[in-house]
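[1] Pasted the sequence and its predicted model underneath.
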Amino acid sequence: MKKTIIKGTGKAIPSQLVTNEDLTEIMDTTDEWIQKRTGIKQRYWIPKGEEIGASDLGLEASLKAMKEAKWEPKDIDFIIFATLSPDIFFPGSGCLLQHKLGLTSTPALDIRQQCTGFLYSLATADSYIKSGLAKKILIVGAEVHSTGLDKTTKGRDITVLFGDGAGAVCVEGVETNEDIGVITSVLHADGSGADALMVELPASRLPQRLPLDMLKNDARHFPSMNGQKVFKMAVKKLPQVTKETLKKAGLTLDDIDMIFPHQANLRINEFYREIMKIDKNKIFNNIQKYGNTTAASIPIALNEALKQNLVGKKGDTVLFVAFGAGLTWGGIIYRF
Ligand code: ACO
């Protein structure tokens, strides 16, 4: 039977380190406020004034993942690109990345599922592989948040949370009877909560999708968030979907060696850990260093955990779990 196996991972982190202290120079905030509420100590943003899009960070992460997988660009037969911060309004960043890889006809699909983007991508890749539509799939989660944030005190509740970055994973269909690879996927969405976390402009539903006075008076091109609603939903949905995913796989938490929650907020992940009574060393967090990199957060975390040999041994079983804008949430169990 065909199984979806991870062959390589890579990450790309931009060069400009932005500490909480740095943010205090541009807005009314403190290191203490940010760390206490979110756990974040620093994040990386693309250098000011440089034109670096999500596909550029995605390319760097992809080349590293492909090197590890021993793939040439021509080996890829499908690209899945998850981002909420595409290089341009359209076409999708997957097409831009495909061109940067020197490819001319390889199909490319963009996934717009925000913090759950990597899970939707991996589940989609798994289905493509198992149905025989593709064999070698490049999955990328990449975000450039920093060019779209309100960096004044008005935007401080959101701006302090987000960092730029990319993670890439090469997955391949392998014929085996072993119980390895993607074991189970669970995906959900609830569009009634779309306005809890969104960027409204440009909006095709408006008579004028980019109002002319936008830059001066209109904040709708910045993210807006009902932080408390998102927090409450996250700590409810993450445990729910964990139980649902484990049940679908016929496993329990004891069978899981490491959990990779989306890195939205350390407090959310701590609440989740306490509710689920999960051992501290069974959860991988790195939001302290990178902030919330949305679709990139899980592939970056996976890359780091593999490099640190925390997971990756034959039989190691991991759970990816995420909640975010959409609203969207999901869980995937993967066995090495
Ligand atoms: N620095 C200093 N003060 C701030 C900042 C800041 N960066 N941001 C907001 N404040 C102030 C507010 O103005 C408010 O002041 P006031 O009491 O004088 O009105 C006070 O701090 C409290 O504001 P709240 O918004 O009530 O703060 P809260 O305790 O809810 O924390 C936070 C805000 C951290 C966003 C929280 O709601 C949260 O963690 N929500 C989850 C959302 C999340 O993590 N989103 C990430 C993206 S979604 C995802 O990836 C799942």
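    Noted; the coordinates are in hand. Residues are numbered from 1 along each chain as shown.

[2] C-alpha only now, for contacts and for neighbours.
    OK.

[3] Where in the protein is the helix or strand with the lowest mean pLDDT?
    helix 214-217 (a mean of 69; mean pLDDT, DSSP states H and E).

[4] Can you name the next helix or strand after that helix?
    strand 223-225 (DSSP states H and E).

[5] near the ligand, which residues of this structure show up?
    Within the chain, the positions near the ligand by CA under 6 Å from any ligand atom are 29-30, 33-34, 37-38, 115, 156-157, 160, 227-228, 230-231, 264-265, 294, 323-324.

[6] So which residues of the chain form strands?
    Listed in chain order, the strands found in the chain under DSSP state E are 2-12, 16-19, 42-45, 78-82, 108-111, 136-143, 165-175, 181-189, 197-199, 223-225, 258-261, 317-324, 328-335.

[7] and the fourth one, C-alpha only, in CSV?
    What that stands for is strand 78-82. Only the C-alpha atoms of strand 78-82 are listed here, as CSV (Å, rounded to 0.1, in the frame of the first residue of the first chain):
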residue,chain,number,x,y,z
PHE,A,78,3.2,18.8,-7.5
ILE,A,79,3.7,21.9,-5.4
ILE,A,80,1.4,22.9,-2.5
PHE,A,81,2.0,26.4,-1.1
ALA,A,82,0.3,27.5,2.1
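
[8] Pull the distance from it to the chain's centre.
    13 Å (CA atoms, centre = their mean, to the nearest Å).

[9] any idea which helix is longest in the chain?
    Ranked by residue count under DSSP state H, the longest helix found in the chain is helix 227-249.

[10] Against which helices or strands is that helix packed?
    Contacts defined by 3 or more CA pairs under 8 Å, 6 or more residues apart in numbering; DSSP states H and E place helix 227-249 against strand 181-189, helix 266-276, strand 317-324, strand 328-335.

[11] The same query, at a cut-off of 6 Å, please.
    Contact analysis of helix 227-249 by 3 or more CA pairs under 6 Å, 6 or more residues apart in numbering; DSSP states H and E lists no helix or strand as a packing neighbour.

[12] Mean neighbour count, the strands of the chain: which tops it?
    strand 136-143 (a mean of 31; mean count of other CA atoms under 10 Å).

[13] Can you tell me the strand partners of that one and which way each runs?
    strand 78-82 (parallel), strand 165-175 (antiparallel) (DSSP bridges).

[14] Distance to K247 and mean pLDDT added to the ones you listed, as JSON lines?
    As requested, the strands paired with strand 136-143 are exported to JSON lines (distance: least, CA to CA, whole Å; pLDDT from 0 to 100):
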{"stretch": "strand 78-82", "distance to K247": "27", "mean pLDDT": "98"}
{"stretch": "strand 165-175", "distance to K247": "25", "mean pLDDT": "98"}
